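Chemist: this one's structure only:
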């Protein structure tokens, strides 16, 4: 008689950061992991052991950002940046209940304003019509502009870093949650598309699934940005096929995601049955950076109760193994 055995696949959470100057990989990873853990500890302390058993990794390309942004002579003070990120995290950790992440607390933040989001909602679509998106991005986020429309090998180097990190987890057979912040969501989309469609990767990874993809402050709702996505440059448009569920979290007044819903923009993925769900969530990001409200701050997203619930729901999800093994 044969006994059925189930192989429990380890879970791994892979974080993809966005644009801008970044501190060293080890220090940024420690801060990301600490923010995620603080949210779990606050809202679901009984699940803290499950989080601690999970591998939390950072797909890092901050050194490429720093080299690119440093060329025009922009100043970056690593010590000040790290200290300010830590201050933001410490202040958010003092909010000891999920109900304190609401509009009343958000309205009391110093320097809170919707002006950047308002301007982005007007200017960005206009620039898309006038084919000026690249020029606008070069002024605001030059490293991201180089990624989507540059002449260097920066984009491929960035994709290689993130792709290698994701493929290493897939090669191990891990169950993966992919968490992307800001412009890192565009990088992640492109990599997921490559693994689904590019022959050099699809032969091995087309059927490898990411359990959950979480986008935080993603600019993917912007039509002018979507023109640059891999798979969008021809007809018909093709989408990544290796994500089971997609959770999109957008903060009020986050100017990077002024179009804060993605379920409508990517509804064809559902119609084509290449994804099970695309779920949008609206939150208030209570991070304060350099004395002012920063609704795009990654630490504010990572520690938010919505992020904690997404992680815990995943940890508690049933194991569905399609290839059980048997022993005599």
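Modeler: Here it is on my side, so go on. Worth saying up front: this structure is predicted, and the values here are computed from it rather than measured.

Chemist: So in that sheet, which strands flank the helix or strand hosting residue 211, and in what orientation?
Modeler: Secondary structure from DSSP states H and E places residue 211 in strand 210-216. Strand 210-216 sits in its sheet next to strand 175-181 (parallel), strand 243-251 (parallel), going by DSSP bridges.

Chemist: Tell me the helix or strand right after the shortest one.
Modeler: Towards the C-terminus, the helix or strand next in line after strand 175-181, according to DSSP H and E, is helix 184-197.

Chemist: Residues contacting that following helix, please?
Modeler: Applying CB atoms under 8 Å, 6 or more residues apart in numbering, the contact partners of helix 184-197 are 16-19, 144, 147-148, 158-159, 162-163, 166-167, 178, 180, 201-202, 205-206, 208, 210, 213, 215-220, 225, 228-231, 238-243. No exception for glycine: its C-beta is placed from N, CA and C like everyone else's.

Chemist: Pull the distance from the helix or strand just after the strand holding residue 211 to the chain's centre.
Modeler: Downstream of strand 210-216, the first helix or strand assigned by DSSP H and E is helix 223-226. Between the centre of helix 223-226 and the centre of its chain there are 17 Å (CA atoms, centre = their mean, to the nearest Å).

Chemist: Can you point out the buried residues in helix 223-226?
Modeler: 224, 225, 226 (16 or more other CB atoms under 10 Å).

Chemist: Of the strands paired with strand 210-216, which stretch is the most buried?
Modeler: Looking across the strands paired with strand 210-216 with neighbours counted as mean count of other CB atoms under 10 Å, the highest average goes to strand 175-181: a mean of 26.

Chemist: picking that back up, nearest to residue 302, of the strands paired with strand 210-216?
Modeler: Residue 302 sits nearest to strand 175-181 of all the strands paired with strand 210-216, at 8.0 Å, using CB to CB.

Chemist: okay if I get the strands paired with strand 210-216 as JSON lines plus distance to residue 109 and mean pLDDT?
Modeler: Output for the strands paired with strand 210-216, formatted as JSON lines (distance: least, CB to CB, whole Å; pLDDT from 0 to 100):
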{"stretch": "strand 175-181", "distance to residue 109": "20", "mean pLDDT": "98"}
{"stretch": "strand 243-251", "distance to residue 109": "12", "mean pLDDT": "97"}
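
Chemist: Of all these, which one is nearest residue 94?
Modeler: Among the strands paired with strand 210-216, the nearest to residue 94 by CB to CB is strand 243-251 (19.1 Å).

Chemist: residues in contact with residue 299?
Modeler: For residue 299, the contact set (CB under 8 Å, 6+ apart) comprises 31, 35, 85, 88, 89, 92, 287.

Chemist: So, low pLDDT: which residues of the stretch 101-250 of the chain?
Modeler: In the predicted model, the stretch 101-250 of the chain carries pLDDT under 70 at residues 113-139.

Chemist: Now with 80, please.
Modeler: Within the stretch 101-250 of the chain, the ranges that satisfy pLDDT under 80 run 112-140, 233-235.

Chemist: so the strand holding residue 211 versus helix 184-197, what angle?
Modeler: Here the directions of strand 210-216 and helix 184-197 differ by 150 degrees (axes from the mean of the first three to the mean of the last three CA atoms, to 10 degrees).

Chemist: contacts for strand 210-216?
Modeler: With CB under 8 Å, 6+ apart as the test, strand 210-216 has contacts from 166, 175-182, 185, 188, 192, 242-249, 262, 298, 301-302, 307, 310, 314, 317.

Chemist: before we move on, the earlier item: just the buried ones from the contacts of residue 299?
Modeler: Buried subset of the contacts of residue 299 (neighbour count, 16+ other CB under 10 Å): 31, 35, 85, 88, 89, 92, 287.

Chemist: just the strands in the stretch 201-328 of the chain please.
Modeler: 210-216, 243-251, 277-283, 288-289, 292-293, 325-327 (DSSP state E, counting those that start in this stretch).

Chemist: Quick check: which of those strands is nearest to residue 75?
Modeler: Each of the strands of the stretch 201-328 of the chain was scored for nearness to residue 75 using CB to CB, and the closest is strand 288-289 (16.5 Å).
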